[in-house]
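Q: any chance you can model this:
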Amino acid sequence: MSFLNNLCIQVNRGLTAAAGVCLVSMIALTCGNIFLRLVWGPIPGAVELTGYFSAVLAAFSLGHTQMRRGHIAVDLLLMAFPRPMQKAMGILNDTLCLCFFLLITWQVTERATVLKNTGELSETLQIIYYPFIYCTALGCLALCLVLIRDILQNLIPQQEQPS
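A: Numbers count the residues shown, from 1 in each chain. Now for the predicted structure:
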């Protein structure tokens with residue numbers, strides 16, 4: 001269990017760092033676009049690149065947010081149930097989320113593969129953009145890894161650490 005937890009931490013730490021690079025790139029690109037628009041003209045493809053960076057930023061942040069329990073949860077009704085029922089509902093919720101995000105990962109990967117095989121390019125900059133889509137699938141896969149960890153932590157009783 002410790003190995004899986006450490007793996008989740010390391011993978012999501014790396015993805016969070018990459019998300020930070022995307023965020024800084026988006027800020028620099030937007031600021032540069034605003035400044036150049038005043039002086040000369042807009043940066044071609046700035047909106048397109050900002051969209052790609054924001055998709056990667058959101059996807060790479062999913063696992064980290066799940067590890068910190070930062071996703072929106074409405075548990076007002078759930079708190080009225082006994083603790084074993086709350087735990088069972090948590091396992092069910094995490095399992096459903098895992099199935100959903102495994103499906104998303106699979107379908108996004110399929111879409112990226114089709115774009116790679118057809119050689120499709122972006123509209124404005126004419127760059128290949130399937131790597132951004134693969135990055136989105138990677139972010140969803142990292143979330144799946146965290147969900148698996150969460151499910152196992154709820155199913156396997158935790159051993160108390162000796163003091």
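Q: quick one: neighbours of residue 33, just the number.
A: By other C-beta atoms under 10 Å, the residues close to residue 33 number 18. In short, each C-beta sits where N, CA and C put it, glycine included.
Q: dump the residue contacts of it.
A: Residue 33 sits next to 42, 43, 46 when contact means C-beta atoms under 8 Å, 6 or more residues apart in numbering.
Q: wait, doesn't residue 130 sit right on residue 112?
A: Yes: shown here, residue 130 and residue 112 form a contact pair, counting by C-beta atoms under 8 Å, at 4.6 Å.
Q: what are the boundaries of the helices in the protein?
A: Taking DSSP state H as the test, the helices found in the chain are 2-39, 46-67, 83-118, 130-155.
Q: mind checking which of these is nearest residue 73?
A: helix 83-118 (8.7 Å; C-beta to C-beta).
Q: what separates the closest one from the chain centre, distance-wise?
A: Relative to the chain's own centre, helix 83-118 is displaced by 11 Å; criterion: C-alpha atoms, centre = their mean, to the nearest Å.
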